[in-house]
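A.B. asks: just a sequence and a predicted model for now, questions to come.
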Amino acid sequence: MRKLILAALFLSGITAMAQDHNRKEGRGHIADFTPEQMATLQTKRMTLALDLTSDQQSKIQDMFTKNAAERKAKMEAHKARKEKGETLTDDEKFELENNRLDKAIALKEEMKSILNDQQYDKWAKMGEKKGNHKRGNYRKIRTKKK
């Protein structure tokens, strides 16, 4: 009986490994979009969530387009560096993290100037939830609410 169970597990493992892993799942397909397309989708999601005016939409669209272009360039540079097998020094890592935090602060200030108080509060809560989910803290927060 034990051999039969092991054989079944082995065959199911082989079957799972034989599946097509080239399909794109989740948001992985977003990397194929142009910066303008990414910005448009991001703006429309935010419009649905925050009920933005057309003026706010255009300002946010411009901001997202600029950010998406920068992000795309960084992704390409990271890919090239990874293919070459290069690693970052501690100073380079510090510089990247420092730049990332500076951009996050600038984004927050710009969003504060574009959105009204109610929209900004909702946007900040959306960002907190997204950040917690990315870091794996979502379960901890969900269990605290109970």
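C.D. replies: Here it is on my side, so go on. These numbers were taken from a predicted model, which means no experiment stands behind them.
A.B. asks: would you map the strands across this protein?
C.D. replies: Assigned by DSSP state E, the chain shows no strands.
A.B. asks: so which residues of it form helices?
C.D. replies: 2-17, 35-50, 54-84, 90-114, 117-134, 138-145 (DSSP state H).
A.B. asks: highest average neighbour count across these?
C.D. replies: Sort the helices of the chain by mean neighbour count, taking mean count of other C-beta atoms under 10 Å, and helix 35-50 sits at the top with a mean of 16. Glycine gets a C-beta too; all of them are placed from N, C-alpha and C.
A.B. asks: how about a markdown table for the helices of the chain, with mean pLDDT added?
C.D. replies: Formatted as a markdown table, the helices of the chain follow (pLDDT from 0 to 100):
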| stretch | mean pLDDT |
| --- | --- |
| helix 2-17 | 72 |
| helix 35-50 | 90 |
| helix 54-84 | 90 |
| helix 90-114 | 92 |
| helix 117-134 | 80 |
| helix 138-145 | 58 |
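A.B. asks: what's the distance between S12 and I5?
C.D. replies: 11 Å (C-beta to C-beta, to the nearest Å).
A.B. asks: residues contacting S54?
C.D. replies: Going by C-beta atoms under 8 Å, 6 or more residues apart in numbering, S54 touches no other residue.
A.B. asks: with N116 instead?
C.D. replies: Counting by C-beta under 8 Å, 6+ apart, N116 has no contacts.
A.B. asks: how far away is it from T53?
C.D. replies: Counting by C-beta to C-beta, the gap from N116 to T53 is 9 Å.
A.B. asks: how about K79?
C.D. replies: 38 Å.
A.B. asks: roughly how far out does stretch 95-114 sit from the chain middle?
C.D. replies: 15 Å (C-alpha atoms, centre = their mean, to the nearest Å).
A.B. asks: list the contacts of that stretch.
C.D. replies: Against stretch 95-114 from outside (C-beta under 8 Å, 6+ apart): Q56, K59, I60, M63, N67, L88, Y120, W123.
A.B. asks: once you drop chain neighbours, what's closest to the second one?
C.D. replies: If you skip the residues right next to it in sequence, K59 has I114 as its closest partner in space, 5.0 Å away by C-beta to C-beta, 6 or more residues apart in numbering.
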